[in-house]
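Engineer: sequence-free structure coming up:
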């Protein structure tokens, strides 16, 4: 069995070294811990039973796993949030950076996602600049 995609990723932006090696296969995903030894781990929050389309360390302390069924947001404390692709649609392609991601659905739709910020005080106003 050969992998069709491989990633390394940190858990937190501040980590000096990558923590995981992720290998995606047509029938699942293998997650390996990188340390003094490289070994399989199962308590990471990743979905191992499905192929992975993209992996990205996001924001200060999270990882996203993009898979055909949607997006899995894994916070460093293993708090997990799932976004499911709309009914009868699947994720086909994805691109990411440390603050945002975009996915292409099987219907031809593009969807964009951005890191969400938690503000420490009351939000009293919002503004979006003009287009262009």
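Structural biologist: Yes, it's here. In this text the structure is predicted, and so the values were computed from the model without any measurement.
Engineer: element containing residue 118?
Structural biologist: Per DSSP states H and E: residue 118 is located in neither a helix nor a strand.
Engineer: got a pLDDT number for it?
Structural biologist: Looking at residue 118, its pLDDT is 74.
Engineer: name the element the residue nearest to residue 52 when sequence neighbours are not counted belongs to?
Structural biologist: Distances taken as Cβ to Cβ, 6 or more residues apart in numbering put residue 24 closest to residue 52, at 4.1 Å, once the chain neighbours are dropped. For the C-beta atoms, the positions are set from N, CA and C on the backbone; glycine is no exception. Under the criterion of DSSP H and E, residue 24 resides in strand 20-25.
Engineer: What residues sit buried inside that strand?
Structural biologist: 20-24 (16 or more other Cβ atoms under 10 Å).
Engineer: Which member of the residues you listed is positioned nearest residue 7?
Structural biologist: Nearest to residue 7, judged by Cβ to Cβ, of the buried residues of strand 20-25 is residue 22 at 4.7 Å.
Engineer: where do the strands sit along the protein?
Structural biologist: 5-9, 20-25, 28-34, 38-40, 54-58, 62-67, 70-75, 80-84, 91-96, 100-105, 110-114 (DSSP state E).
Engineer: could you dump the ones you listed to CSV with mean pLDDT and distance to residue 122?
Structural biologist: Formatted as CSV, those follow (pLDDT from 0 to 100; distance: least, Cβ to Cβ, whole Å):
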stretch, mean pLDDT, distance to residue 122
strand 5-9, 96, 35
strand 20-25, 97, 38
strand 28-34, 97, 40
strand 38-40, 96, 46
strand 54-58, 95, 26
strand 62-67, 95, 25
strand 70-75, 94, 24
strand 80-84, 93, 24
strand 91-96, 94, 31
strand 100-105, 92, 26
strand 110-114, 86, 22
